[in-house]
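>>> Return atomic coordinates for the entry below.
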Amino acid sequence: MSLASLVLVINCGSSSLKFSLIPLNDDAPLLSGLAEKIGLPEACITFKEAEGKTTQPLNESSHGSALKALFARLDRLGLLPQVGAIGHRVAHGGSDFKQSVLLDDAVIARIRELAVLAPLHNPANLIGIEAAMALLPSLPQVAVFDTAFHQTLPPEAYTYAIPLEYQQQHQVRRYGFHGTSHRFIAAEAVARLGLDPSDYGILIAHLGNGSSVCAVKNGASVDTSMGMTPLEGLVMGTRCGDLDVGAAVYIARRTGQTLESLYKMVNSEAGLLGLSGISSDCRTLQEARSAGNSRAALAFDVMVHRLARHLGAHLASLHRFDALIFTGGIGENSALVRELTAQRLAVFGVRLDAEKNAQAVGGGEGVISQAGSPIVAVIATNEEKMIAQDAAQLAAALLNVA
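Reported below is the predicted structural model:
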């Protein structure tokens, strides 16, 4: 028995389900799309193929209905028999999962227990997992954890300076996220930039609606900006990033807000949106900043300042500084963010080539630094490819054992 040639990648949210059908030896998906507004009467699913996009309503407003529609589409296209594995993105693996794993009852139970650490993400991930396993029970299915790559952080990097009993009894520590993206970029940087895989140090800035920095030493994550939750670290679309706990307590006392209300604010109403009062979208704010909007300019400046500060701090976890990689929707497409960040890192010898930086937008990749500077490069991330590779490898190992 041999592994089929396609892997289906599923990323399930509370009201959405993203999917990509990826050939094992190709970067581009054959089919991708999004089911959205799940739970509402207008729930629909959009398929993106080479011929274009098509959208259809869901028979029922549920994740199961979305998967049924997806599998029916694959069947009509003759692709379903070629699917050899399904890879599921899972937000939080705690300290338990240091790598991707085949899904079984014990793994699912542990993901459910870890939902206390990621109440906005793990329960939604489980909905997609359980629906897919019910519909295709004979197919190998794999969990790929956002936190797994950061399980190499040393204790001094993941430990909060609070009574240690909170870590020992309640798992309160730094875990980090975007690990699948950081792992992909680290491997790509070594291959593309000619780094010695046994002796290198790089910084990765994954910048999007959610953003994080990662310091990678010889292939291992040694520090990262996100913490126990994705709130810590950089200024993001609607997340505040680093915030003095004392300031949160003060706000609660002054406004009479509950902890739940504050938690919603720092997750959904802060960041670029809260600072600008306009939008959480970096492109919109960049336009408003150019037009003279002072709040948009402030939001932009705070975001860049925090990014540069974290990049500088993360250098202390490396033994050498070979390269800085920008990735993610903002990192790959905003030449201005890269320019302003590099200006703040000039003390470390970082110098951009203005022409190359300007060209590296809209899918442009490559080195954008001047000669003599530590390498600065733009590399497009591909988390779906990484998930597909993990799923294919684990499914192949299962078949070999069988």
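
>>> Next SSE downstream of the helix or strand harbouring Leu307?
For Leu307, the element it lies in under DSSP states H and E is helix 294-314. Going down the chain from helix 294-314, the next helix or strand is strand 323-327, by DSSP H and E.

>>> And the helix or strand following that following strand, what does it pack against?
Tracing the chain past strand 323-327, the next element assigned as helix or strand by DSSP H and E is helix 328-333. Here helix 328-333 touches strand 201-206, helix 282-290, helix 335-344, going by 3 or more Cβ pairs under 8 Å, 6 or more residues apart in numbering; DSSP states H and E. All C-beta spots, glycine's among them, are computed from the backbone N, C-alpha and C.

>>> I'd like to know which of those is closest to Val9.
Nearest of the helices and strands packed on helix 328-333 to Val9, taken as Cβ to Cβ: strand 201-206 at 18.0 Å.

>>> Who are the packing partners of the closest one?
So strand 201-206, by 3+ Cβ pairs under 8 Å, 6+ apart, packs with helix 179-193, strand 212-217, helix 294-314, strand 323-327, helix 328-333.

>>> Check which helices and strands whatever helix or strand Gln389 lives in sits against.
In this structure, Gln389 is located in helix 383-401 according to DSSP H and E. Contacts defined by 3+ Cβ pairs under 8 Å, 6+ apart place helix 383-401 against strand 6-12, strand 17-23, strand 83-90, strand 101-102, strand 141-145, helix 179-193.

>>> Low-confidence bits of this protein, can you list those?
Counting by pLDDT under 70, the chain shows low-confidence ranges at 1-4, 401-402.

>>> tell me the centre residue of it?
In the chain, the residue lying closest to the centroid (Cα atoms, centre = their mean) is His178, at 3.5 Å.

>>> domain parsing for this protein?
Domains of the chain are assigned by the TED database as 6-145, 195-383.

>>> circling back to that earlier point, need the helices and strands packed on helix 383-401 in a markdown table with distance to Arg309, can you?
Compiled in a markdown table, those are given as follows (distance: least, Cβ to Cβ, whole Å):
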| stretch | distance to Arg309 |
| --- | --- |
| strand 6-12 | 30 |
| strand 17-23 | 32 |
| strand 83-90 | 29 |
| strand 101-102 | 36 |
| strand 141-145 | 28 |
| helix 179-193 | 19 |
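
>>> Include mean neighbour count and distance to Glu383 when you put these into a markdown table, please.
Shown next, in a markdown table, are those (neighbours: other Cβ atoms under 10 Å; distance: least, Cβ to Cβ, whole Å):
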| stretch | mean neighbour count | distance to Glu383 |
| --- | --- | --- |
| strand 6-12 | 26 | 8 |
| strand 17-23 | 22 | 10 |
| strand 83-90 | 25 | 7 |
| strand 101-102 | 18 | 17 |
| strand 141-145 | 27 | 8 |
| helix 179-193 | 22 | 5 |
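
>>> chain center to the strand or helix carrying Ser261, what's the gap?
For Ser261, the enclosing helix or strand under DSSP H and E is helix 259-268. Distance of helix 259-268 from the chain centroid (Cα atoms, centre = their mean, to the nearest Å) equals 21 Å.

>>> same thing with stretch 35-51?
The answer for stretch 35-51 is 22 Å, by Cα atoms, centre = their mean.

>>> With only the CA atoms kept, save that stretch in CSV.
C-alpha atoms of stretch 35-51 as CSV (Å, rounded to 0.1, in the frame of the first residue of the first chain):
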residue,chain,number,x,y,z
ALA,A,35,-16.0,28.3,4.7
GLU,A,36,-17.1,31.4,6.7
LYS,A,37,-20.0,32.8,8.8
ILE,A,38,-20.5,29.3,10.3
GLY,A,39,-23.2,29.5,12.8
LEU,A,40,-25.1,32.2,10.9
PRO,A,41,-27.8,31.7,8.3
GLU,A,42,-25.6,33.1,5.5
ALA,A,43,-22.9,30.5,6.0
CYS,A,44,-21.1,29.7,2.8
ILE,A,45,-18.0,28.0,1.3
THR,A,46,-15.7,29.4,-1.4
PHE,A,47,-13.5,27.2,-3.5
LYS,A,48,-10.4,28.6,-5.3
GLU,A,49,-9.1,26.7,-8.3
ALA,A,50,-7.0,27.6,-11.3
GLU,A,51,-10.1,28.5,-13.2
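
>>> got the contact list for Phe326?
By Cβ atoms under 8 Å, 6 or more residues apart in numbering, Phe326 lies in contact with Ala205, Leu207, Glu332, Val337, Arg338, Val376, Ala377, Val378, Ile379.

>>> List just the nearest of these to Gln167.
Looking across the contacts of Phe326 and measuring by Cβ to Cβ, the closest to Gln167 is Ala205, at 27.9 Å.

>>> Report the beta-bridge partner residues of the closest one.
Using DSSP bridges, the bridge partners assigned to Ala205 are Val213, Phe326.

>>> residues in contact with it?
Residues in contact with Ala205 (Cβ under 8 Å, 6+ apart) are Ser211, Val213, Leu307, Leu311, Leu324, Ile325, Phe326, Thr327, Gly328, Gly331, Thr341.

>>> ok, Leu207 touching Ile330?
Yes. At 3.8 Å, Leu207 counts as touching Ile330 under the criterion of Cβ atoms under 8 Å.
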